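Chemist: Next come a sequence and a model predicted from it.
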Amino acid sequence: MPSKKKSFTPYANEADVLEVGNLMLENRLDRITISGDVDLTLDKAGLAHARRLHELLGAVVAALESRELPDQLPPPEVKTVDNPFA
């Protein structure tokens, strides 16, 4: 069954997570991470999933098109910290 419709403003925060089937969309300030899977079945549930994905990806495209973008983001800075359990 499709997930409940929640607000999702792309690139607005580091907290929003939406699910469509088993597909997860995670909001970040500099990226949207999409992981998992969803079956777009030939039925009403599949249509609902497809419409939700279309809406979400349309919002992502609109957010990207509304900004001046670099050619590519630099890789994320990775820091190593001491193991607090050692």
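Modeler: On my side now, so go ahead. Given the structure is predicted, the values throughout are model-derived calculations rather than measurements.
Chemist: Can you list the buried residues in stretch 57-68?
Modeler: Residues Val60 are the ones in stretch 57-68 that count as buried (16 or more other C-beta atoms under 10 Å). All C-beta atoms are positioned from the backbone trio N, CA, C, and that covers glycine.
Chemist: Contacts for that stretch next, please.
Modeler: 8-11, 32 (C-beta atoms under 8 Å, 6 or more residues apart in numbering).
Chemist: Let's have those in JSON lines, adding secondary structure.
Modeler: Compiled in JSON lines, the contacts of stretch 57-68 are given as follows (DSSP: H, G, I helix; E, B strand; the rest coil):
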{"residue": "Phe8", "secondary structure": "coil"}
{"residue": "Thr9", "secondary structure": "coil"}
{"residue": "Pro10", "secondary structure": "coil"}
{"residue": "Tyr11", "secondary structure": "coil"}
{"residue": "Ile32", "secondary structure": "strand"}
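Chemist: In this structure Leu56 contacts Glu19, no?
Modeler: No - the criterion here is C-beta atoms under 8 Å, and Leu56 misses it with Glu19 at 10.9 Å.
Chemist: From the contacts of stretch 57-68, keep the buried residues only.
Modeler: Of all the contacts of stretch 57-68 considered here, the ones buried according to neighbour count by 16+ other C-beta under 10 Å are 8, 10, 32.
Chemist: Quick check on the first one: phi, psi?
Modeler: Just to be clear, that refers to Phe8. Dihedral angles phi and psi of Phe8 (degrees, to the nearest 10) take the values phi -150, psi 100.
Chemist: ok, it to Glu19 distance?
Modeler: From Phe8 over to Glu19 the distance is 11 Å, taken as C-beta to C-beta, to the nearest Å.
Chemist: Now do the shared contacts for those two.
Modeler: Shared contacts of Phe8 and Glu19 (C-beta under 8 Å, 6+ apart): Leu25.
Chemist: check which helix or strand covers the most centrally placed residue in the chain.
Modeler: Centrality entry for the chain: nearest residue to the mean C-alpha point is Leu25, 2.8 Å, by C-alpha atoms, centre = their mean. With secondary structure defined by DSSP states H and E, Leu25 is part of strand 22-27.
Chemist: List the buried residues for that strand?
Modeler: Going by 16+ other C-beta under 10 Å, strand 22-27 has these buried residues: 23, 25, 27.
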